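Novice: Sharing a model prediction with you, sequence too.
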Amino acid sequence: MHTVVIGGGVIGLTTAYELARQGETVTLVDARGTGLGAAAVNAGWIVPAEAAPVPGPGVVLTSLKWMLRPDSPLYIRPSLAPSFVSFMLGMWRASNAKAQHAGFAAHLALAENTIEVFDEYRADGMDFEMHNEGLLMAFLDKSNLEHHLTHYDLVDSHGLAPTTLVGDQVREQEPLMSDAVQGGLFFPKERHVDPESLMRALHAKLVDLGVELVENAPIDAVERSGDRVAAVRSGARRFDGDRFLLAAGAWTGPVSKLFGQPLPVRPGKGYSVEVAPYGLKSAVNLSDAKVAITPLANKLRLAGTMEFGGLDENINQVRVDAILRAPKAYFRDWEPPASAPVARAGMRPMTPDGLPIIGQLGGIRNAYVSTGHGMLGVTLAPGNARVVADLILQGATSPLLAPFTPARFRGGR
Ligand SMILES: Cc1cc2nc3c(=O)[nH]c(=O)nc-3n(C[C@H](O)[C@H](O)[C@H](O)COP(=O)(O)OP(=O)(O)OC[C@H]3O[C@@H](n4cnc5c(N)ncnc54)[C@H](O)[C@@H]3O)c2cc1C
């Protein structure tokens, strides 16, 4: 059988790998090159213990407050478009403790073996940069630390509980922390990768497995035949197959319309910049500033910001500058680079309830969707790829997928 995967981000590539590994003939089509979307720009953290969905208690109020600050880490560009209003209403409805707790549990279950699977990728010959020194969440404000312990029961039950660090204990863990840091949470099992090296390794592995990789071919039409998809098209090019997987990240909204099944996926834009290495022992979350710091072999990556706006990768330099300034309060001797490094934008695929959309696409018998992984695409990708491959190859709907069913949205029924 032959599956056509639409989208070569971390979700499309990992799922294509699982399918090809199990003997499926796979064609993967991307609008540009593979691994150039959010999958390249992200912080590279594999962090099941930080997998709470974005909507949660107080999120709406904080967003409204932050909308007034041009350099805030969260921005919502207001719009009266019905799709935007309904997305925001959905987010508001999901912004409660019960829904967030249930969503966190669902994410943790999907990410259960993620670390082991990343190890298996390496054992299978994928050559990418991965670090296992853990993750330190650093807090300037102690009340933010207490807030982060809200879901402690869940992370504890998955064996991922952090060590709480008070005052100088943070500096014992990470000597480069400044005296302004009041406390921290250290998660010893969390890992991080160099996202671009992961994308390159997956691409190379797919080539080895005989996957047909088609680049610069944005899918712009879908041919339906009754309750099945016959082919997808990019201009004059036609890709037929037995089954189709939509994994177009933040672009899934418009592409899902081509299937006649519009899904409420919107972009949550973020930025990353790279500077010289800084000698940190582990990845660090500048928690109050909401900036991710990723130490890599030859560079330090800084990532942050969540902007709900248009489907574009334009850069807002004011917010990028805020990312570059953030470490100053947290690190002992941090100096922002003399000239601003080139920033890149990536769009997280966001959904109203903060959960991915994974499953059969509406009533179409041979079409599937896997998207909406929000801030967690790298973390969730390996587990996601396995259950999606089982669904496509064996029709096996894992109970893990129940919270992520497309049927919870009108376009997914
Ligand atoms: C600043 C930032 C930091 C982040 N940090 C982390 C982190 O530390 N850990 C973590 O787990 N997650 C993180 N994320 C989230 C993560 O990057 C995303 O969840 C993930 O990349 C989504 O993967 P994807 O494959 O769905 O989308 P993408 O990686 O965006 O890939 C989508 C692909 O679809 C293609 N496409 C679009 N339209 C079409 C079309 N019409 N036809 C064919 N192809 C099409 C695109 O070209 C693209 O290659 C971060 C994101 C950002 C922006």
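Specialist: Okay, I see it. The structure presented is a predicted model; accordingly, all values stated were derived computationally and were not measured.

Novice: From now on I want contacts and neighbour counts done on CA atoms only, so please keep to that.
Specialist: Fine.

Novice: in the helix or strand where Phe239 lies, what's buried?
Specialist: Using DSSP states H and E, Phe239 maps to strand 237-240. If you call a residue buried by 16 or more other CA atoms under 10 Å, then strand 237-240 has these buried ones: 239-240.

Novice: Show me what it is in contact with.
Specialist: With contacts defined as CA atoms under 8 Å, 6 or more residues apart in numbering, strand 237-240 is touched by 4, 230-233.

Novice: Show me the strands paired with the helix or strand following it, marking each as parallel or antiparallel.
Specialist: Following strand 237-240 in sequence order, the next helix or strand is strand 243-246 (DSSP H and E). Strand 243-246 sits in its sheet next to strand 2-6 (parallel), strand 367-371 (parallel), going by DSSP bridges.

Novice: Asn216: what's it in contact with?
Specialist: 30-33.

Novice: Drop anything exposed from those residues.
Specialist: Applying 16+ other CA under 10 Å to these, the neighbour count classes 30-31, 33 as buried.

Novice: can I get those in TSV with secondary structure?
Specialist: Listed next are the buried ones among the contacts of Asn216 as TSV, based on DSSP: H, G, I helix; E, B strand; the rest coil:
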residue	secondary structure
Asp30	coil
Ala31	coil
Gly33	coil
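
Novice: Among those, which ones lie close to the ligand?
Specialist: Within the set of those, contact with the ligand (CA under 6 Å from any ligand atom) is found for 30-31.

Novice: Closest to Ile323 out of the buried ones among the contacts of Asn216?
Specialist: Gly33 (27.3 Å; CA to CA).

Novice: how much space is there between the residue lying closest to the closest one once chain neighbours are set aside and Thr34?
Specialist: Leaving aside its chain neighbours, Gly33 sits nearest to Glu215 (5.1 Å; criterion: CA to CA, 6 or more residues apart in numbering). As for Glu215, its distance to Thr34 is 7 Å (criterion: CA to CA, to the nearest Å).

Novice: Between those two, point out the one with more neighbours.
Specialist: A direct count of neighbours by other CA atoms under 10 Å for Glu215 and Thr34 places Thr34 higher, at 25 against 15.

Novice: Am I right that that one is in contact with Ile6?
Specialist: No. At 10.6 Å, Thr34 does not count as touching Ile6 under the criterion of CA atoms under 8 Å.

Novice: who does the strand holding Phe239 pair up with?
Specialist: In its sheet, and by DSSP bridges, strand 237-240 pairs with strand 228-234 (antiparallel).

Novice: Which elements pack onto the longest helix along the chain?
Specialist: In the chain, assigned by DSSP state H, the helix with the most residues is helix 377-394. With contacts defined as 3 or more CA pairs under 8 Å, 6 or more residues apart in numbering; DSSP states H and E, helix 377-394 has these neighbours: helix 10-21, strand 45-46, helix 97-110, helix 114-123, strand 357-360.

Novice: can you do 7 Å?
Specialist: helix 10-21, strand 45-46, helix 97-110, helix 114-123 (3 or more CA pairs under 7 Å, 6 or more residues apart in numbering; DSSP states H and E).

Novice: And the contacts of it?
Specialist: 10-11, 14-15, 18-19, 44-48, 110-111, 113-114, 117, 396-398 (CA atoms under 7 Å, 6 or more residues apart in numbering).

Novice: Likewise for stretch 63-81?
Specialist: The set of residues external to stretch 63-81 that reach it, using CA under 7 Å, 6+ apart, is 290, 304-309, 318-319, 322.

Novice: re the thing from before, can you lay out the contacts of strand 237-240 as a markdown table showing pLDDT and distance to Val85?
Specialist: What follows is the contacts of strand 237-240, written out as a markdown table (pLDDT from 0 to 100; distance: CA to CA, whole Å):
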| residue | pLDDT | distance to Val85 |
| --- | --- | --- |
| Val4 | 98 | 33 |
| Ala230 | 98 | 34 |
| Ala231 | 98 | 33 |
| Val232 | 98 | 31 |
| Arg233 | 98 | 31 |
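
Novice: which one of the residues you listed sits closest to Leu176?
Specialist: Distances from Leu176 to the contacts of strand 237-240, taken by CA to CA, are shortest for Val4, at 47.9 Å.

Novice: Please name the bridge partners of the closest one.
Specialist: Assigned bridge partners for Val4, using DSSP bridges, are Thr27, Phe244.

Novice: Alongside the ligand, which residues does the stretch 201-350 of the chain contribute?
Specialist: Going by CA under 6 Å from any ligand atom, the residues of the stretch 201-350 of the chain near the ligand are 218-220, 247-251, 255, 269-272, 303-304, 346-348.

Novice: 5 Å - rerun?
Specialist: 218-219, 248-249, 251, 270-271, 303, 346-348 (CA under 5 Å from any ligand atom).

Novice: Dump those to TSV, plus pLDDT.
Specialist: As requested, those are exported to TSV (pLDDT from 0 to 100):
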residue	pLDDT
Pro218	98
Ile219	98
Ala248	98
Gly249	98
Trp251	98
Gly270	97
Tyr271	98
Ala303	98
Gly346	98
Met347	98
Arg348	98
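
Novice: Can you flag which of the residues you listed belong to strands?
Specialist: Among those, the members found in strands (DSSP state E) are 270-271, 303, 346-348.

Novice: quick check, nearest of these to Leu136?
Specialist: Ala303 (15.2 Å).

Novice: where do the helices sit along the stretch 101-250 of the chain?
Specialist: Taking DSSP state H, counting those that start in this stretch, the helices of the stretch 101-250 of the chain run over residues 114-123, 142-148, 152-157, 168-173, 195-208.
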